[in-house]
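# Mind folding the following:
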Amino acid sequence: MRFLSLQSHVAYGYVGNRAATFPLQRLGHEVWAVNTVEFSNHTGYGAWRGRTAPADQVAEIVQGIEALGLLPSCDALLTGYVGDAALADVVLDTARRVRAANPRAIWCCDPVLGDIDTGIYVKPGIDAFFRDRAIPAADLVTPNHFELEHLTGHTVSTMSEALAAARTLLKGPKLALITSLRRGDAPADQIEMLAVSPDAAWRIATPLIGFEIAPNGTGDVVAALFSAHWLAGGGLAGGDVAEALSKAASSIFAVLEATHELGERELQLVAAQDRLVSPPRRFMAEKL
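This is a model prediction of the structure:
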C-alpha cells in the first residue's frame, strides 16, 4: 500500500515520520513522507534545534506529489504533530486532495498534543484545530489517554468512561484507537489499547515495561501499524479491527521490550525490526 505521511521529522531519534516510515517500509509498504518540522531531536529532551516547516513549503511538496499523478494510488493519509497553526489549512487541504483523487483512501489523524507526564507540548490553538476541524473530518483517530481526556473534556479512569469518551469523538471518524490507556479499574502492571466504533469495542493489554524514561514515538508507530493492518484487512469496507489491534500491539511491545533490554532511550526500531515483523509474543484483542 501507499501512505502519504505529514508528520514531524527529527535527525536523531524516532518520532513522527521517523517512527512511522521505517515500520511501514519494513512491512512492505511505500511511504511518501512530508515533514512538518525539521528538528535535531524530539522535544522530550528539553532542548532541540531546528524549525517548523513553512506552511507554503509543505503545501508545495504535497502539490508536487499531486502533479506527478500519484494521489489516485494513495491508500491512506497519516497526519500527526502539527508544529504551527498555519499548517492546519494545509493538512485539511491535503486530505481534500487525497480524497478527491481516491475516495477509498482513509485519513488516520493522530491528534498529537501531549502526554500524562508532560502535559500539553504543542503551541496554543493546535488542540482546537484537532478537536473542531481535523478529527470530525478524519476516518480514524488515534489519541493517547491524555489526549482523549483533553479533547473530550472527560476524565477517564474506568473502562466505561473510556468507552463513553472515545465515542464522543466518532462524529466523523468511523473508529477511535485509544493508546497508552491506564485506567484505575485495571491491573497496575499492564497498559491497554482500546479500539472503539459506534457499535463495538475491542481491548488489548500488554505488560507494562518499567522504563526509567519512557521512549517517545510509540503512538506514532502504533498509528502507522494499526492503519496498515486495518487497511490490509479491508479498512472502512470491513477491516478486521481485532486482528489489526493484535498485530499492532504485539509489534510495539516487541520493540519496547528490545529497547528496554538494550538500555536505550530511543525506540530500537532498526535493531528490533525482525521482532516488529514477527513478534515473539502474540497478544490477542478481546471484543467487549
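# The worst-scoring helix or strand of the chain on mean pLDDT pairs with which strands, parallel or anti?
Least confident helix or strand, the chain: strand 119-120 with a mean of 74, by mean pLDDT, DSSP states H and E. The strands that strand 119-120 pairs with in its sheet are strand 114-115 (antiparallel) (by DSSP bridges).
# Any chance you could list what contacts the partner strand?
With contact meaning CB atoms under 8 Å, 6 or more residues apart in numbering, strand 114-115 is reached by I120, Y121, V122, N144, F146, E147, H150, S180. From N, CA and C alone the C-beta is placed, and that goes for glycine too.
# what about L151, which SS state?
helix (DSSP: H, G, I helix; E, B strand; the rest coil).
# Same check on A254?
Following three-state DSSP, the label given to A254 is helix.
# Equivalent analysis for E212, please.
E212 - assigned by three-state DSSP - is coil.
# ok, it to M159 distance?
According to CB to CB, to the nearest Å, E212 and M159 sit 29 Å apart.
# who has more neighbours, these two?
Applying other CB atoms under 10 Å to E212 and M159 shows that M159 carries more neighbours, namely 18 against 7.
# residue contacts, the more buried one?
R183, D185, A186, R203, L288.
# Looking at these, which one is closest to A248?
Nearest to A248 among the contacts of M159: R203, at 13.3 Å, using CB to CB.
# Need the three-state assignment for G263.
Criterion first, three-state DSSP; result for G263: coil.
# and it, what is it in contact with?
Shown here is G263, which makes no contacts under the criterion CB under 8 Å, 6+ apart.
# Just the pLDDT for it.
Listed pLDDT for G263 reads 95.
# Check Q25 too.
For Q25, pLDDT reads 98.
# ok, now which ones touch the closest residue to V122 other than its chain neighbours?
In this structure, V122 finds its nearest non-sequential neighbour in L113, 5.5 Å apart by CB to CB, 6 or more residues apart in numbering. Applying CB under 8 Å, 6+ apart to L113 gives the contacts I120, Y121, V122, I126, D127, F130, P143, F146, E147, H150, L151.
# Just the buried residues from these, in ChimeraX please.
Here is the ChimeraX command that picks out the buried ones among the contacts of L113, judged by 16 or more other CB atoms under 10 Å:
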select :122,126,127,130,143,146,147,150,151
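# Please render the contacts of L113 as TSV that adds distance to A85 to the earlier fields.
Listed next are the contacts of L113 as TSV, based on distance: CB to CB, whole Å:
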residue	distance to A85
I120	14
Y121	15
V122	10
I126	6
D127	10
F130	11
P143	19
F146	20
E147	17
H150	17
L151	16
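# Wait, T179 touches P143, no?
Yes: counting by CB atoms under 8 Å, T179 touches P143, with 7.4 Å between them.
# Let's verify L4: helix, strand, or coil?
Counting by three-state DSSP, the backbone at L4 sits in strand.
# In this structure it contacts T79, no?
No: applying CB under 8 Å as the test, L4 and T79 come out as separate, 9.1 Å apart.
# May I have the predicted confidence score for the residue nearest to V122?
On the pLDDT scale, L113 is placed at 87.
# and if you look at V90?
Reported pLDDT at V90 in the predicted model: 97.
# which residues in the stretch 101-250 of the chain form helices?
Remark: helices assigned in the stretch 101-250 of the chain by DSSP state H, counting those that start in this stretch are 126-129, 135-137, 145-152, 159-168, 218-232, 241-261.
# Looking at the ones you listed, which one is packed in the most?
Per-stretch averages of neighbours, counted by mean count of other CB atoms under 10 Å, single out helix 218-232 among the helices of the stretch 101-250 of the chain, with a mean of 25.
# packing partners for it?
Counting by 3 or more CB pairs under 8 Å, 6 or more residues apart in numbering; DSSP states H and E, the packing neighbours recorded for helix 218-232 are strand 2-10, helix 16-26, strand 76-79, strand 106-109, strand 140-141, strand 175-181, helix 241-261.
# Out of these, which is closest to L194?
Of all the helices and strands packed on helix 218-232, strand 175-181 sits nearest to L194, with 4.3 Å by CB to CB.
# Okay, buried residues for stretch 176-184 please.
Those would be A176, L177, I178, T179, S180, L181, R182, for stretch 176-184 by 16+ other CB under 10 Å.
# hmm, who's touching it?
With CB under 8 Å, 6+ apart as the test, stretch 176-184 has contacts from 115-116, 140-146, 148, 156-159, 161-162, 166-167, 169-170, 191-197, 218-219, 222-223, 226, 245.
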